[in-house]
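Trainee: Just need the structure, nothing else, for what follows:
(2 chains)
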Amino acid sequence: MSARGVAVRVGLGRGWTEFRQRALDVGGLVGELWPWVIGAFALHALSGRTMGDTALDVGLQGIPGLLAVSVVYTGLLGLSLALVTDQSDGTLLRMKAVPNGTIGYLVGTVLGRAVLCVETALILLVLSAWLFEDVQVGRVVTWLFLPGVLVLGLLAILPLGVVVGAAFRSRASLGLVTLPVMGLLAISGVFYPLASLPRFLQWVGELFPVYWLGLGLRWALLPSQAVLAEVDGSWRHLEMVGVLGAWAVVGLVAAPVMLRRMARREPGSTVRPDAAGQG
Amino acid sequence: MALGGAEPVIDVRGLRMSYGATAVLHGVDVRAHRGEVVALLGPNGAGKTTTVEILEGFRKPSAGEVRVLGVDPLTGDEAWRARVGVVLQSWRDHGRWRVAELLDHFARFYPPYRTPFAVDELLELVGLTGQARTVVGTLSGGQRRRLDVAVGVVGRPEVLFLDEPTTGFDPEARQAFHDLVHRLTDLDDTAILLTTHDLDEAEKLADRIVLLVGGEVVAEGSAPELTRRIASRDEVRYSLDGEFFVHATEDATGFVRELFEQHDKAIGDLEVRRASLEDVYMTMVRKQEARP
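Mentor: Numbers count the residues shown, from 1 in each chain, chains lettered A, B, ... in the order given. Okay, the predicted model is just below:
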């Protein structure tokens, strides 16, 4: 096996070890999960009302959106935060000192995030199925489509997390990203139908992967009549796969470039106060 | 010690480094051969860490020629990286890993290039056998530093960089660490470049000391050589007719000869003190710091 192949395999082991460490850390797990649990209960409190002229429950309709938001938070913001933290606490530098360590680090970190995203989604799904009897977890098609949509969504979103994490050096500056992402969530139709937004905001929302991930999740999880609340009354499968796929391609091309930039970056004074600025 | 004719494994000439308008290194030369321990000795801010980071390939110098194992560290590939060991100063990373688990993880990157240490053997070498299952974040400062060394040498490097290895150690931990460094050079003929601001440590560990003050090499040699070469002013204490005197001189022997010629038996309590390396070090540091 080539040296890089070895590093990829070691990276898989790294992701697994870090996953185990996290699974045993109850406090950390609660910290990752509480927003989604509260969100699910909040949606449950909203249920009982129907949306517009459809028979669709307002709370139920929000569940796939919540799932999409959790993927964006964990996969994009969480991953970029992890990368920035590892740059400043010396983790990345230590991996750089090992042959092909950067590869192993990345494989481990991105894989760890992907697993966390899936784990969060599963827990949220189980909770939703318990709260809302109309979440379609009993259908065969759900279990055929849901993994596909999730994987495509992760492929579109995780590389973005890498790009963002590699572009910033400090947690403080990462705040610059959080705000636009919040804005993006607001126009991505995750909690209320995109069709109810002004036309130009719809177009902006449709440019980004969040809306399409949410759409795919609604398609996989909601009763089929929910399609009536969507733009054009259609699940728009072709566009869904097209836009998510395009973001995945762009991200997978951009991520390694940004990473090489990050890996070449010199150690900062945050790690080693003795290193810079002193003469 | 330097072997006659052998190529140095670390070869730095005219190394310069500036951060913006601030020059940190003004033309530094350092060489080290296989099996040799070289200490980069200097006060805080002398440019030691910057020098080491350039040698490790983590920082781009402003000017100068740098070769580590015959390769410019900036262009060093992963095969080169596998031959170089780096002991880092950071202490916050990988806090949730267990000691043996982390060493095993790092060891796994090396087999395509070279045979790494077996984890048990390495734990024994650095004295962490009892902490194999300890969570890294709960290690004491000295234990954490020994783990850093273990991570640095896990690939049996040909060149090892140690940046301030014993900062914050108690005397006992320091002694154990010095034993470890000696074992490493004996074991694999590793060349070691370490930085320290502690003269005593440089004297104990290094075959050669490079005294770096204010970004310049002000002296270089073995500890006795350095003392001989630059410790010019010795101290002569004596009594003349029961009165005590202290005289600083560059020629103690000549001064004493004259003293006896002039006063003969009136001289008593004669004592000649060579300036110690410590005196020399302190003098140089003070001289440098007094410069504008």
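Trainee: And B:F58, its phi and psi?
Mentor: phi -90, psi -10 (degrees, to the nearest 10).
Trainee: which residues touch it?
Mentor: A:L93, A:K96, A:E266, A:P267 (C-beta atoms under 8 Å, 6 or more residues apart in numbering or on different chains). Heads up, the C-betas are built off the backbone N, CA and C, glycines and all.
Trainee: can you pull the pLDDT of it?
Mentor: B:F58 is assigned a pLDDT of 90 by the prediction.
Trainee: Mind telling me which residue of chain A is nearest chain B?
Mentor: Residue nearest to chain B within chain A: A:G90 (2.9 Å; C-beta to the nearest C-beta).
Trainee: separation between that residue and A:L79?
Mentor: 19 Å (C-beta to C-beta, to the nearest Å).
Trainee: neighbour count winner among the two?
Mentor: A:L79 (27 against 21; other C-beta atoms under 10 Å in any protein chain shown).
Trainee: quick one: which helix or strand includes that one?
Mentor: Assigned by DSSP states H and E, A:L79 belongs to helix A:79-88.
Trainee: do the same with B:V24
Mentor: Counting by DSSP H and E, B:V24 is found in strand B:22-32.
Trainee: quick one: pLDDT of the closest residue to chain A within the stretch 151-292 of chain B?
Mentor: Nearest residue of the stretch 151-292 of chain B to chain A (C-beta to the nearest C-beta) works out as B:G215 at 6.3 Å. You'll see B:G215 listed with a pLDDT of 90.
Trainee: List the contacts of it.
Mentor: A:G279, B:M17, B:A23, B:V24, B:L25, B:H26, B:V28, B:A46, B:G47.
Trainee: right, and the secondary structure at A:V137 would be what?
Mentor: coil (DSSP: H, G, I helix; E, B strand; the rest coil).
Trainee: doesn't A:L131 make contact with it?
Mentor: No - if you go by C-beta atoms under 8 Å, A:V137 and A:L131 don't touch, sitting 11.6 Å apart.
Trainee: Give me the mean pLDDT for whatever helix or strand comes next after the helix holding A:L79.
Mentor: The first helix or strand that comes after helix A:79-88 along the chain, using DSSP H and E, is helix A:91-96. Across helix A:91-96, the average pLDDT comes to 91.
Trainee: gap between the two ends of stretch B:85-98?
Mentor: 21 Å (C-alpha to C-alpha, to the nearest Å).
Trainee: What residues sit buried inside it?
Mentor: B:G85, B:V86, B:V87, B:L88, B:Q89, B:S90, B:W91, B:D93, B:H94, B:R96, B:W97, B:R98 (16 or more other C-beta atoms under 10 Å in any protein chain shown).
Trainee: Got a quick ChimeraX command for the buried subset of the contacts of B:F58?
Mentor: A single ChimeraX command is used to select the members of these judged buried by 16+ other C-beta under 10 Å:
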select /A:93,96,267
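Trainee: Pull the number of nearby residues for the residue nearest to B:G35 when sequence neighbours are not counted.
Mentor: Leaving out its chain neighbours, the residue that sits closest to B:G35 by C-beta to C-beta, 6 or more residues apart in numbering or on different chains is B:D189, at 4.4 Å. By other C-beta under 10 Å, 13 other residues sit near B:D189.
Trainee: give the contact list for B:D189.
Mentor: Counting by C-beta under 8 Å, 6+ apart, B:D189 has contacts B:R34, B:G35, B:E158.
Trainee: Just the buried subset of those residues, please.
Mentor: B:R34, B:G35, B:E158.
Trainee: I'd say the second one and B:T190 touch.
Mentor: It stands for B:G35. Yes - counting by C-beta under 8 Å, B:G35 does reach B:T190; the two are 7.2 Å apart.
Trainee: now the helices: where do they sit in the stretch 101-250 of chain A?
Mentor: A:101-131, A:140-167, A:171-186, A:199-207, A:209-221, A:237-264 (DSSP state H, counting those that start in this stretch).
Trainee: any idea how far the shortest one is from the chain center?
Mentor: On the basis of C-alpha atoms, centre = their mean, to the nearest Å, helix A:199-207 is displaced by 20 Å from the centre of the chain it belongs to.
Trainee: Pull the residues that contact it.
Mentor: So helix A:199-207 is contacted by A:L184, A:I187, A:S188, A:G189, A:L194, A:A195, A:L197, A:Y211, A:W212, A:V231, A:E239, A:V243 (C-beta under 8 Å, 6+ apart).
Trainee: Once you drop chain neighbours, what's closest to the fourth one?
Mentor: By that I understand A:G189. A:Y211 (5.3 Å).
Trainee: Is A:V177 in contact with A:G78, as I believe?
Mentor: No - using C-beta under 8 Å as the test, A:V177 is too far from A:G78 to be in contact (11.9 Å).
Trainee: Tell me the residues on the stretch 1-150 of chain A that lie near chain B, please.
Mentor: The stretch 1-150 of chain A has residues A:1-3, A:6-7, A:10, A:13-14, A:17-18, A:21, A:25, A:86, A:89-91, A:93-94, A:96-101, A:104 near chain B, with proximity defined as C-beta under 8 Å from any C-beta of the partner chain.
Trainee: which among those end up buried?
Mentor: Looks like the residues of the stretch 1-150 of chain A next to chain B have A:3, A:6-7, A:10, A:13-14, A:17-18, A:21, A:86, A:89-91, A:93-94, A:96-101, A:104 buried, using 16+ other C-beta under 10 Å.
Trainee: Tell me, how many residues neighbour B:A82?
Mentor: For B:A82, using other C-beta under 10 Å, the count is 24.
Trainee: Contacts only, for it.
Mentor: A:P99, B:F109, B:Y110, B:Y113, B:R114, B:G155.
Trainee: Make JSON lines from those residues and add pLDDT and secondary structure to it.
Mentor: Formatted as JSON lines, the contacts of B:A82 follow (pLDDT from 0 to 100; DSSP: H, G, I helix; E, B strand; the rest coil):
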{"residue": "A:P99", "pLDDT": "95", "secondary structure": "coil"}
{"residue": "B:F109", "pLDDT": "97", "secondary structure": "coil"}
{"residue": "B:Y110", "pLDDT": "97", "secondary structure": "coil"}
{"residue": "B:Y113", "pLDDT": "97", "secondary structure": "coil"}
{"residue": "B:R114", "pLDDT": "95", "secondary structure": "coil"}
{"residue": "B:G155", "pLDDT": "95", "secondary structure": "coil"}
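Trainee: and those residues as CSV, adding distance to A:P159?
Mentor: Shown next, in CSV, are the contacts of B:A82 (distance: C-beta to C-beta, whole Å):
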residue, distance to A:P159
A:P99, 25
B:F109, 24
B:Y110, 29
B:Y113, 29
B:R114, 33
B:G155, 31
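Trainee: Just name the closest of those residues to A:A156, please.
Mentor: Nearest to A:A156 among those, counting by C-beta to C-beta, is B:F109 at 30.3 Å.
Trainee: so what's that closest one up against?
Mentor: So B:F109 contacts A:V6, A:A7, A:V10, A:V98, A:P99, A:N100, A:G101, A:G104, B:A82, B:G155 (C-beta under 8 Å, 6+ apart).
Trainee: Recalculate using a threshold of 7 Å.
Mentor: With contact set as C-beta atoms under 7 Å, 6 or more residues apart in numbering or on different chains, B:F109 has these partners: A:V6, A:A7, A:V10, A:V98, A:P99, A:N100, A:G101, A:G104.
Trainee: Low-confidence ranges, the stretch 51-200 of chain B, go.
Mentor: B:168 (pLDDT under 70).
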